[in-house]
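Undergrad: below are the sequence and a predicted model; questions follow.
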Amino acid sequence: MITLTRTGAAENVALIALNRPNALNALCRQLMQELSETLLKVEHDSSYNVIVLTGNEKAFAAGADIKEMAKLEFADVFQNDFFNNWDTLSHITKPVIAAVNGFALGGGTELALMCDIVYAGENAVFGQPEINIGTIPGLGGTQRWPRFTNKSIAMEICLTGDRLTAQNAKEVGLVSKIFPTQQLVSEAVILADKIAKNSPLIVKTVKNSVNSAYETSLNQGLQIEKQLFQSTFATNDRKEGMTAFAEKRGPKWAGN
Ligand SMILES: CCCCCCC/C=C/C(=O)SCCNC(=O)CCNC(=O)[C@H](O)C(C)(C)COP(=O)(O)OP(=O)(O)OC[C@H]1O[C@@H](n2cnc3c(N)ncnc32)[C@H](O)[C@@H]1OP(=O)(O)O
């Protein structure tokens with residue numbers, strides 16, 4: 001239910017595609033288990049620098065599998081931890097770019113919210129329709145939307161289940177760029193290549209620092225940024241980057 005393809009100019013981009021087309025990539029247990037395993041494999045393989053997460057042209061993911069969830073009782077989801085591993089994506093330290101075409105509803109939107117950068121195809125449709133089926137977002141929607149946008153918009157999205165077009169999603173701050181559907185994945189790979197040209201060590205540090213803005217006060221965040229900035233001076237890649245600039249040549253990253 002997941003495909004992993006090595007791509008990019010330097011073959012260091014992992015293109016991970018959700019591949020359950022008959023159910024519009026609905027997030028069932030098996031798909032999420034395979035996604036989690038694939039993400040961890042890429043995370044621990046130093047030959048990959050950046051991840052692009054996509055679906056197909058009709059659907060990124062139409063949400064958690066409603067037919068699978070319909071059978072569950074409270075004990076299944078609470079005691080048996082049915083959704084164990086579903087948030088692996090939010091713990092990945094390499095940059096993750098979502099390339100979203102088609103439906104990204106419920107858990108599909110929440111996967112996009114976990115990514116670092118979201119590119120959308122012109123036909124992308126986002127939304128949190130959980131309220132329409134008697135539940136609430138459970139993969140971070142009620143927590144991440146208010147951090148991406150404002151309370152009024154977050155409430156409207158989660159309380160109505162209304163859909164957002166790619167343009168709406170860009171206006172509320174979820175999506176950074178919109179592309180024609182068929183161009184989307186290659187544009188995401190171009191972006192991944194640009195990021196992958198930098199030192200993986202420093203890229204990881206930037207991601208860590210930006211993400212801390214979502215967890216801390218401004219003063220705490222500035223303190224974290226200062227410490228991380230100082231820590232780059234303990235790396236060979238920082239020395240190499242600055243020396244290469246002064247010597248008017250491209251840097252050669254050692255990754256330490
Ligand atoms: C601690 C961790 C907790 C994790 C909790 C996660 C919380 C997340 C909750 C959710 O995501 S709830 C689900 C939210 N999503 C939806 O409500 C969307 C449901 N789908 C639709 O409304 C429609 O399918 C569509 C997306 C508008 C597309 O409509 P269209 O008419 O184009 O196609 P369909 O014929 O409806 O679909 C084709 C095929 O796919 C199946 N399918 C679609 N979505 C789902 C789904 N979410 N779950 C299961 N199956 C889905 C659909 O049933 C069709 O299959 P068949 O009937 O043809 O076999």
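TA: Everything's here; your move.
Undergrad: give me the mean pLDDT for stretch 92-102.
TA: Summarised as a single mean, pLDDT over stretch 92-102 is 98.
Undergrad: ok, Val185 - contacts?
TA: The contact partners of Val185, taken as Cβ atoms under 8 Å, 6 or more residues apart in numbering, are 15, 52, 54, 99. In this view, the C-beta of every residue, glycine as well, is placed from N, C-alpha and C.
Undergrad: relative to the ligand, how far out is it?
TA: Val185 sits at a distance of 20 Å from the ligand (criterion: Cβ to the nearest ligand atom, to the nearest Å).
Undergrad: that residue falls within a strand, correct?
TA: No. In this structure, Val185 is helix, not part of a strand, as judged by DSSP: H, G, I helix; E, B strand; the rest coil.
Undergrad: please spell out which residues along the helix or strand harbouring Leu35 are buried.
TA: Following DSSP states H and E, one finds Leu35 within helix 29-43. For helix 29-43, the neighbour count (16 or more other Cβ atoms under 10 Å) marks 29, 31-36, 38-39, 42-43 as buried.
Undergrad: for these, give me TSV that also has pLDDT and distance to the ligand.
TA: Supplementary listing: these in TSV, determined by pLDDT from 0 to 100; distance: Cβ to the nearest ligand atom, whole Å:
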residue	pLDDT	distance to the ligand
Arg29	94	10
Leu31	97	11
Met32	97	9
Gln33	96	13
Glu34	97	16
Leu35	98	13
Ser36	97	12
Thr38	98	18
Leu39	98	15
Val42	98	21
Glu43	98	20
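Undergrad: which of the residues you listed lies at the shortest distance from Pro21?
TA: For these, the residue nearest Pro21 by Cβ to Cβ is Leu31; the value is 11.6 Å.
Undergrad: so that closest one touches Thr3, yeah?
TA: No. Using Cβ atoms under 8 Å, Leu31 and Thr3 do not qualify as a contacting pair, with a distance of 11.6 Å.
Undergrad: strands along this structure, start to end?
TA: For the chain, the strands defined by DSSP state E occupy 2-7, 13-18, 50-54, 59-61, 96-100, 103-105, 117-121, 125-127, 164-165, 177-179.
Undergrad: where in this protein is pLDDT low?
TA: Scanning the chain for pLDDT under 70 picks out nothing.
Undergrad: pick out the residue closest to the middle of it.
TA: Relative to the mean C-alpha position of the chain, the nearest C-alpha, by Cα atoms, centre = their mean, is the one of Cys115, at 1.5 Å.
Undergrad: I'd like the strands of the chain as JSON lines, with distance to the ligand and mean neighbour count appended.
TA: As requested, those are arranged in JSON lines below (distance: least, Cβ to the nearest ligand atom, whole Å; neighbours: other Cβ atoms under 10 Å):
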{"stretch": "strand 2-7", "distance to the ligand": "17", "mean neighbour count": "14"}
{"stretch": "strand 13-18", "distance to the ligand": "12", "mean neighbour count": "23"}
{"stretch": "strand 50-54", "distance to the ligand": "16", "mean neighbour count": "26"}
{"stretch": "strand 59-61", "distance to the ligand": "7", "mean neighbour count": "28"}
{"stretch": "strand 96-100", "distance to the ligand": "13", "mean neighbour count": "27"}
{"stretch": "strand 103-105", "distance to the ligand": "4", "mean neighbour count": "27"}
{"stretch": "strand 117-121", "distance to the ligand": "15", "mean neighbour count": "26"}
{"stretch": "strand 125-127", "distance to the ligand": "8", "mean neighbour count": "25"}
{"stretch": "strand 164-165", "distance to the ligand": "13", "mean neighbour count": "20"}
{"stretch": "strand 177-179", "distance to the ligand": "20", "mean neighbour count": "17"}
